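> could you look at this predicted model? Sequence included:
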Amino acid sequence: MLMSPASIFCTEIAALLLVRSVEGSPFQESGIGDKIRSIGRVTNKQHANDQKGFDIVVHGVLLWASVGFLMPVGTLAMRMSSTNTMDRHPPRHKILLYVHAALQVASVLLVTIGAVLSIRKFENAFDTTHQRIGLALYGVIYLQVLIGFNRPARGSKHRRTWYFLHWMLGTSINLVGTLNVYTGLHAFHARTSRNTQLWTIIFTAQASFMTVCYLFQDKWEYVQQQGRMEEEDDGGDGEPNVSPKENGHGGMTDEDPSTSPTRSRSRSNALGTHFSRTNVLNTLLQQPNA
């Protein structure tokens, strides 16, 4: 348990007064003074250990809030702003872009504070996995900041390269940052012998929830499209809504899905594209009636 600053100060003053009171007294000759001075040294060492543990906790909270929470949330916010959102809801796309930028800037500020704290308070021998990963993570984060503020205009020839690099670095930061939170919990347990199992479980639950949200975002628009496709096919009354047209030989054939604007808008996934192409091929290969 960490000692409060007031209790630490009072303990140091009491030890100092005891040491001063026995110097030059009969107690010093009997060895009691040495024992009291030894107690003072132990108290100072305990104070140093408590302060070190407090600094480690602050460092861990700052880096968890940055790479373990704010950066993933910013990534999720940006993924909500897809191309369709930009085309159909420009104000919403702009808001999500600002939310993404604000979260990333806040996380970089927390990373900077955590880095300064680690430089000033810790032994930076970089002989542990946590320290080495953290050093590499700092460099990649600041590189990502430079790339983010130098975004090419949409449609320019460098936009594709910029997007790929920005996405790759952002994904790497999220994955490696999450890994380093676990290595930090392990290092904290090894240094202080405190139980970190509860914090590991809580962080695992949080990371799992964010991962599910990340994966679900890829399918959310497709799920919404399925509902619209069912309503269009049923015509609102449970009956198939098929608009036949003449095939040029006196017969009737179904409307080509590829020529329907509603169908073309809803085909944004590989499976839908596969079936649409299959229907087109069936229409093209259909033999004329005799």
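That came through fine. Numbers count the residues shown, from 1 in each chain.

> please report how far Thr161 lies from His89.
28 Å (Cβ to Cβ, to the nearest Å). The C-beta positions use only the backbone N, C-alpha and C, and glycine is treated the same way.

> my error: substitute Phe216 in the last question.
For Phe216, the distance to His89 - Cβ to Cβ - is 20 Å.

> show me where the stretch 51-200 of the chain has its helices.
Listed in chain order, the helices of the stretch 51-200 of the chain (DSSP state H, counting those that start in this stretch) span residues 71-80, 83-88, 90-121, 129-148, 159-192, 197-234.

> and those, which is most packed in?
Greatest average neighbour count among the helices of the stretch 51-200 of the chain goes to helix 71-80 (a mean of 19), per mean count of other Cβ atoms under 10 Å.

> residues contacting the closest residue to Gly68 other than its chain neighbours?
Nearest non-adjacent residue to Gly68, counting by Cβ to Cβ, 6 or more residues apart in numbering: Val181, 4.7 Å away. Residues in contact with Val181 (Cβ atoms under 8 Å, 6 or more residues apart in numbering) are 63-64, 67-68, 203.

> ok, these vs Ser172, which is closest?
Using Cβ to Cβ, Val67 is the member of the contacts of Val181 that sits closest to Ser172, with 11.1 Å.

> what's the neighbour count on the closest one?
25 (other Cβ atoms under 10 Å).

> surely it is in contact with Gly177?
Yes. Using Cβ atoms under 8 Å, Val67 makes contact with Gly177 at a distance of 3.0 Å.

> common neighbours of those two, please.
In contact with both Val67 and Gly177: Leu137, using Cβ under 8 Å, 6+ apart.

> about what we covered before: ok, the contacts of Val181 vs Arg151, which is closest?
Among the contacts of Val181, and counting by Cβ to Cβ, the member closest to Arg151 is Val67, at 21.6 Å.

> contact partners for that closest one?
Neighbours of Val67 in contact, by Cβ under 8 Å, 6+ apart: 107, 111, 137, 141, 173-174, 177-178, 180-181.

> next: Ala153.
For Ala153, the contact set (Cβ under 8 Å, 6+ apart) comprises Arg159.

> cool, and Gln206?
Shown in contact with Gln206 (Cβ under 8 Å, 6+ apart): 68-69.

> who's in contact with Gly74?
Per Cβ under 8 Å, 6+ apart, neighbours of Gly74: 99-101, 103-104, 107.

> go on, Arg79?
214, 217 are the contacts of Arg79 under Cβ under 8 Å, 6+ apart.

> ok, it to Val116 distance?
On the measure of Cβ to Cβ, Arg79 and Val116 end up 31 Å apart.

> now Pro72: closest residue in space that isn't a chain neighbour?
Excluding its sequence neighbours, the residue lying closest to Pro72 (Cβ to Cβ, 6+ apart) is Met210, at 5.0 Å.
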